[in-house]
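Colleague: Make a model of this:
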Amino acid sequence: MKILRIFFYAVAVMLVLNSCKMQDPSWNSDFLIPLAKSKLLIKDLVPDSLVKVSQDSNVHIVYSKELYGLAVDSIFSFSDTGVIRSFNIDSLSLFTTETDFKITLGDIARNAGLAGLLILGQHGKQIPVPAISPISSPVLPFDGDSLFTTMTLNEGNIDVSMYNGLPIEITNVLFDLKNSSDNSLVLQGSFPSIPPGTTMTRTFLLNGKTIEGKLNAQLISLSSPGSNGIPVLIDTNNFIRAGLKVYNLHPITATAVFPAQNLINNGQNFVLKNLPVFLKESKAKSGQILIKMFSTLEDSIYMTYRLPSATLNGVPFEVKKTLPPAPPGGLSSFEKLFDFSGYLLDLSGKNGDTINTAYNEFVVRIEYTGIKKTLSKKDSIYAQLSFLNLKPEYARGYLGNQTFDYGPAEIEIDGLSDINGHLDLANVKLDVEAENFIGADASFEIKEFSSVNSRNNKTVDLTGSYNSGSITVPRANEVPAPELVRPSYTQLNIDQSNSNIKEFVANLPDKIKYSLFLQTNPQGNTANYRDFVYDRKFLNLRLLVDVPLEFSASGISLMDTIDLDLNYDDVSKVESATLYFLADNSFPMDCELQFYLFDPVLSTMTALLPQNAVIKAGLYDPVLQKVTSATFSKIPVEFTKSKIEQLFNSKKILAKATFSTAPPNTQVKIFSDAGIDLKITGLFNYLID
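Modeller: Numbering: from 1, shown residues only. I've put the predicted structure just below:
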């Protein structure tokens, strides 16, 4: 709209400047003054950004506009995802403990009646030992209270061994083991026969047993066939030794001194759920990992959390933390956010044979303190791992067979909103270009494409054979840094041969409405999990319009509304003025000019220029298809005193330029050297007293 502003400001500003020159008016006088000089080129009619000059100097209007961008966030996102695990204690173990008891021959003889008295009286002599009827021993206390007070065992073993140090066989040995507090039976067993000088052992399971630190052991019954008439040396200090070894103790609950041990040593995969893609790996551009820990153990625990599948500069993600003892019936807790930026996340699982799966390890340990504490396998340790605000820098795998319906949407068409009239284009080309930076095949289809002229409420749908099916878009290729990706390009070409594109563009749209259908990997996982996508590397769909300026035009108008603020008191000294617009036009178009003044309340308009204010088109040769010589036009514009006052009282002015090709209905070309050379002179009449 430069031409309109040049003409108008030449009128308004020069009137002001010349009126200010008269300092002491006293008579009427005429002054012919050169006012302005300029050249109007095609870029003054069309925005520079839309103009392209071909090799033959023909001017093209080119237009590029983004229609859609399929980015990594469109394909998938790590919505705040995580996993919560409740770890029961894998195993509680206790110290092994053992003890033994001795029962001498003298002890046995003192409980054996007459046969026992005979034995006691023959100490140091060799005699045949008679048969001994069943006898019992006194209760023998076992004290393991220094290691545990009580324990209920998930599993455990006790070995009961009997050594026969007597010179005779012992038989029918029956024994039991009881808790001392309530005399509840822990176990009972027997040995049918133990020859002299030998040891016999039996192993008993303690699974499900509750055992106290203080126990009572007792030989309930013991007998012997004697020496069978064979003299044997009698030594009342000879003994039977009973041994107890309690081991492999894994309590369900226990009040005990616990040795240092791993309570939990757990490695497992966890799956990132609700992902529409199937990833083998991804690198985090930004985001955090949240670790939460809760423990009900009334002991300090030493936690190590490892995510071997997440590495930063080759170092796996690892967190170590000590949680203090939980209060009785309460929780000990830990919570912290860690920066996860830059971590490479292997999502193929521990064995590299799956997708969307990370492998993590969780170890909880207690240390030896020498202090008895109550721990239970019913105690729990809760761990929560969450990814928050995780934005991928890139991802690899299979991006899935996903579909995207986009629209109805609309884009603004700049530069055409002030144009009205009839335009008959000789040639128009419209392309929808797909620029694919994503390592996955795709396809797109145009479902709707309409040009909308809001000024006359006219809509033209783009129709034709161009839209015969989906357009295949090949995958991008990875290349070395710094590019990383080499995109593929695919174009859907739309022209007069396959569409009504001339009518579509001739509608002079200020908007385009459209709908698109896009699909990734329409043929499925053809790359075997080798798809990739990088942050800020999109699959872009772009509208490209190329209109060579070869057309016929009738009444194509450009309009602009200009705000006015002209306040000069001494303009009244100008009695009248005549401005002359002198133009050499090498455009193959007539240009009719008009300015309309609005009154202060914007209710009526007054034309400022005469009705025949036309800059004639250059002389156009249809054989050479170019203007061979410029045409000179002279437009006089009369300004009476009242019209000058009206001009300076106006708040707005409507400027309008109307173009028509000449000769009429002839297709003409516009070349880059075409233009209008404009000069403006003014003849001013002043009142001089």
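Colleague: who does the strand or helix carrying Phe595 touch, helix- and strand-wise?
Modeller: Using DSSP states H and E, Phe595 maps to strand 589-598. For strand 589-598, the elements it packs on are helix 2-19, strand 605-607, strand 614-615, strand 652-661, judged by 3 or more CB pairs under 8 Å, 6 or more residues apart in numbering; DSSP states H and E. Yep, even glycine has a C-beta here, placed from its N, CA and C like the rest.
Colleague: again, 10 Å this time
Modeller: Contact here means 3 or more CB pairs under 10 Å, 6 or more residues apart in numbering; DSSP states H and E; on that basis strand 589-598 packs against helix 2-19, strand 550-563, strand 574-585, strand 605-607, strand 614-615, strand 631-639, helix 641-649, strand 652-661.
Colleague: Most tightly packed of those?
Modeller: Among the helices and strands packed on strand 589-598, the stretch with the highest mean neighbour count (mean count of other CB atoms under 10 Å) is strand 614-615, at a mean of 22.
Colleague: And that strand, how far out from the chain middle?
Modeller: Centroid separation for strand 614-615 versus its chain: 61 Å, with CA atoms, centre = their mean, to the nearest Å.
Colleague: Which neighbouring elements make contact with that strand?
Modeller: Using 3+ CB pairs under 10 Å, 6+ apart, strand 614-615 sits against strand 574-585, strand 589-598, strand 631-639, strand 652-661.
Colleague: closest to Ser309 out of those strands?
Modeller: strand 652-661 (67.6 Å; CB to CB).
Colleague: tell me what the closest one is packed against?
Modeller: Judged by 3+ CB pairs under 10 Å, 6+ apart, strand 652-661 is in contact with helix 2-19, strand 419-425, strand 550-563, strand 589-598, strand 605-607, strand 614-615.
Colleague: Let's see that with 8 Å instead.
Modeller: Using 3+ CB pairs under 8 Å, 6+ apart, the elements in contact with strand 652-661 are helix 2-19, strand 550-563, strand 589-598.
Colleague: Tell me what angle it forms with strand 589-598.
Modeller: Angle of strand 652-661 versus strand 589-598, following axes from the mean of the first three to the mean of the last three CA atoms, to 10 degrees, is 160 degrees.
Colleague: List the neighbouring strands of strand 652-661 plus their orientation.
Modeller: Strand 652-661 sits in its sheet next to strand 550-563 (antiparallel), strand 589-598 (antiparallel), going by DSSP bridges.
Colleague: May I have that strand exported as CSV, CA atoms only?
Modeller: What follows is strand 652-661, C-alpha atoms only, in CSV (Å, rounded to 0.1, in the frame of the first residue of the first chain):
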residue,chain,number,x,y,z
LYS,A,652,-9.4,9.2,9.0
ILE,A,653,-8.9,8.8,5.3
LEU,A,654,-9.7,5.8,3.1
ALA,A,655,-7.1,5.4,0.3
LYS,A,656,-7.9,3.1,-2.6
ALA,A,657,-5.9,2.0,-5.7
THR,A,658,-7.7,0.0,-8.4
PHE,A,659,-5.7,-1.9,-11.0
SER,A,660,-6.9,-3.4,-14.3
THR,A,661,-4.7,-5.0,-16.9
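Colleague: Below-threshold pLDDT in the stretch 1-150 of the chain: ranges please.
Modeller: Judged by pLDDT under 70, the stretch 1-150 of the chain has its weakly predicted residues at 1-40, 42-50, 57, 79-88, 90.
Colleague: quick one, which of the helices and strands packed on strand 614-615 is nearest to Leu539?
Modeller: strand 652-661 (40.5 Å).
Colleague: Let me know the angle separating that closest one from helix 641-649.
Modeller: Angle of strand 652-661 versus helix 641-649, following the same axes, to 10 degrees, is 110 degrees.
Colleague: Next secondary structure after strand 652-661?
Modeller: That would be, after strand 652-661 and using DSSP H and E, strand 668-669.
Colleague: Run me through the strand neighbours of the next helix-or-strand element following that next one, direction for each.
Modeller: The helix or strand immediately downstream of strand 668-669 is strand 675-686, counting by DSSP H and E. Here strand 675-686 has these sheet partners by DSSP bridges: strand 29-41 (antiparallel), strand 574-585 (antiparallel).
Colleague: chain center to the strand holding Phe595: distance?
Modeller: 56 Å.
Colleague: any idea of the angle it forms with strand 631-639?
Modeller: Using the same axes, to 10 degrees: strand 589-598 against strand 631-639 is 10 degrees.
Colleague: what's in contact with strand 589-598?
Modeller: Contact partners of strand 589-598, identified using CB atoms under 8 Å, 6 or more residues apart in numbering, comprise 3-4, 7-8, 11, 553, 581, 585, 604-609, 613-617, 635, 646-647, 650-662, 668, 676.
Colleague: need the least confident one among the strands paired with strand 652-661, by mean pLDDT.
Modeller: The minimum mean pLDDT among these belongs to strand 550-563 (a mean of 71).
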